[in-house]
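**Q** Take this sequence and fold it.
(chains A and B)
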Amino acid sequence: MSHHLSEQEIVRRESLQKIREMGIDPYPAAMFEVTAHAADIKAQYEEEILEDGTKNRKNFQDIAIAGRIMAQREAGKAMFMNIQDSTGQIQIYLRGEEVNAAAGRDDFFAVLVKKYLDIGDFVGIKGYAFKTKTGEISVHVKAFTLLSKSLRPLPIVKKDAEGNVYDAFTDPELRYRQRYVDLTVNPQYREIFVKRSKIISTMRRIFDDKGWMEVETPILQPIHGGAAARPFKTHHNTLDMPLYLRIANELYLKRLIVAGFDGVYEFGKMFRNEGMDRTHNPEFTALEFYIAYKDYNWMMTTTEEILEKVAIAVNGDTKVQIGENVVDFKGPYERLSIFGAIEKYTGIDVSNMDEEALRGVCRQFHIEVDATMGKGKLIDELFGEKAEPNLIQPTFITDYPVEMSPLTKKHRSKEGLVERFELFVNCKEVANAYSELNDPIDQRERFEDQLRLAERGDDEAMAMDEDFLRSLEYGMPPTSGIGIGIDRLTMMMTNQTSIQEVLFFPQMKAEKA
RNA sequence: GAUCUUGUAGCUCAGCCGGUAGAGCAUUUGACUUUUAAUCAAAGGGUCUCGGGUUCGAAUCCCGACAAGAUCACCA
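**A** Sure thing, here's the model as predicted:
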């Protein structure tokens, strides 16, 4: 990608050349040993004023820090810079005579530092911490090293004493396309990704403590099973066969339960070739885990335990601000059957209605229906339209109609329903779990029902997976499994309304050359 | 996929009813040895997203394309 160089880029390239002509390597190979970080110095530096008026500096007196120049303030033969490392920014103070002496040349400060260094350059500093006249904890530079020259001007975001931000780098397109710039100049967005990482590491720790095993299952699958969605299709040249990027990993994880593992989990990327908007990216991360000898009641309790711990790990509290609402992840959560939820928010008991009666109820609420919709789909529409918008606090919706859940075990006591729950938070689904169907004959019939739905025109119906059925025929213990959308969970835990804000590199259309 | 909005300097933005392109920061030159949105003085920087059209004349009005955002529909 070549582009027309701007004035500032030309100047920086010329500076680069001049630096080389000075005999200074702008991209030195040698490591620079860092011994301190900005945040620690600012948090822990201590000094006292002695009786004779001199300062006694107690710590950080022989340190090396490294980072990017984020601001330069020249003051004659001295200079201040703000240096940003991974922990934040700290001010440094340079005196010309000192850095010249350290470098062993007269032109180091006046020429290299003042003329050829720019905002964005990486530098290494050796020196000692002190407080300036105005009380700012800073690093007094004794030796200064250029570590990497920057050739493009970084957006300059300034903040005044009241915390007002000026010239913020805010264009969402630029922020997503050049995330490296966004994360450099907008520290508030770094925080989201730190929290995302914490969500995943907290969960992983819980699972490992419980003795479950982290596994990896195929992303390239010959049959795209386990969910209802349009896949990405690709082709393997040597095998000369079509392959699909997985839309789910459920059927593989269950094969591992068949294989005799008690508990398996996978944090995995899923790929769905569907619309994109502020809650959908073509690739997204799901956590799934499957635990033998458990049922969906146990899974609800376990989900409460996990989310409670995650919320505390991320925000220090089970209560999380999401938009205008405060959501409390402290369990136990409300449990409502899907029919109960519909009745609660419409006043109508639809639990014994047939397809035609349901279609009538949908029409009554001005919900669009068509001939391809089976009973399950109609109930789902009704629920989505009338009940879902009310589910702000974490709520388990349970006991879905069998038509909607081809991989779920039939309910132990309620005819026509399955042992499934979905967890709703802030009116959005964040988890989907079952008592897993392990009756191979029933499972085959469910797949056959799906085939009939497909023939009727339902393009989301699930495909038959003979190998999965074969594994069930060998026998799978009673098992409960769950899938949790990590991106959406992160959106909630960080109070973001767009999925792009919780993905480092959201999918974008090709940039114009 | 539909509708609406946006696209001007490296960044953030003005630019009215069509009349030779503006500001702040950044950049360049100079001054300044504790500044902090540093300050002071001066200077340079533009294919106004792209392509058409209307017009004597278009950043501005019209049409189309591209990209992004918001809302809606579908999916997680």
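**Q** Can you verify my assumption that A:D317 contacts A:A311?
**A** Yes: between A:D317 and A:A311 there is a contact under C-beta atoms under 8 Å: 6.8 Å. (C-beta placed from N, C-alpha, C; glycine too.)
**Q** higher neighbour count, these two?
**A** A:A311 (24 against 13; other C-beta atoms under 10 Å).
**Q** With adjacent residues omitted, what lies nearest to the more buried one?
**A** Once flanking residues are discounted, A:A311 sits nearest to A:F329: 4.1 Å by C-beta to C-beta, 6 or more residues apart in numbering.
**Q** Tell me who's in contact with that neighbour.
**A** A:E304, A:L307, A:E308, A:V310, A:A311, A:T318, A:K319, A:V320, A:P394, A:V425 (C-beta atoms under 8 Å, 6 or more residues apart in numbering).
**Q** domains of chain A?
**A** If you go by automatic domain parsing, the domain ranges for chain A are A:7-154, A:190-333+A:393-502.
**Q** name the element the closest residue to A:L256 other than its chain neighbours belongs to?
**A** Take A:L256 and drop its neighbours on the chain: the residue closest to it by C-beta to C-beta, 6+ apart is A:V264, 4.8 Å away. For A:V264, the host element (DSSP states H and E) is strand A:263-271.
**Q** ok, that strand: who's next to it in the sheet?
**A** Sheet partners assigned to strand A:263-271 using DSSP bridges are listed as strand A:213-214 (parallel), strand A:283-292 (antiparallel).
**Q** most packed of the ones you listed?
**A** strand A:283-292 (a mean of 22; mean count of other C-beta atoms under 10 Å).
**Q** Spell out whether that strand and RNA strand B are in contact.
**A** Yes: Strand A:283-292 lies within reach of RNA strand B by C-beta under 7 Å from any atom of the strand, at A:F284.
**Q** just how off-centre is that strand within its chain?
**A** Distance, stretch centre to chain centre, for strand A:283-292: 15 Å (C-alpha atoms, centre = their mean, to the nearest Å).
**Q** where along the stretch 251-400 of chain A do the helices fall?
**A** A:296-315, A:338-346, A:355-364, A:375-382 (DSSP state H, counting those that start in this stretch).
**Q** What of the stretch 51-200 of chain A?
**A** Under DSSP H, counting those that start in this stretch, the stretch 51-200 of chain A gives helices at A:96-103, A:172-177, A:179-185, A:187-209.
**Q** And the contacts of the shortest one?
**A** Okay, so that is helix A:172-177. Against helix A:172-177 from outside (C-beta under 8 Å, 6+ apart): A:F169, A:V181, A:D182, A:N186, A:Y189, A:Q500, A:F505, A:P506, A:M508, A:E511.
**Q** Would you mind giving the secondary structure of the last one?
**A** Put simply, A:E511 is coil when judged by DSSP: H, G, I helix; E, B strand; the rest coil.
**Q** quick one: the closest residue to it other than its chain neighbours from RNA strand B, how far?
**A** Using C-beta to C-beta, 6+ apart and skipping the chain neighbours, the partner closest in space to A:E511 is A:R177 (6.3 Å). According to C-beta to the nearest atom of the strand, to the nearest Å, A:R177 stands 8 Å off from RNA strand B.
**Q** cool, and A:L451?
**A** Distance from A:L451 to RNA strand B, by C-beta to the nearest atom of the strand: 18 Å.
**Q** Quick one: residues contacting that residue.
**A** A:L451 neighbours (C-beta under 8 Å, 6+ apart): A:A461, A:M464.
**Q** which residues of chain A score low on pLDDT?
**A** A:1-3, A:512-513 (pLDDT under 70).
**Q** Name the residue of it that lies nearest to RNA strand B.
**A** Residue of chain A nearest RNA strand B, by C-beta to the nearest atom of the strand: A:G76 (2.0 Å).
**Q** thinking again about what came up before, so which of the domains of chain A has the densest surroundings on average?
**A** domain A:190-333+A:393-502 comes out most buried of the domains of chain A by mean count of other C-beta under 10 Å, with a mean of 18.
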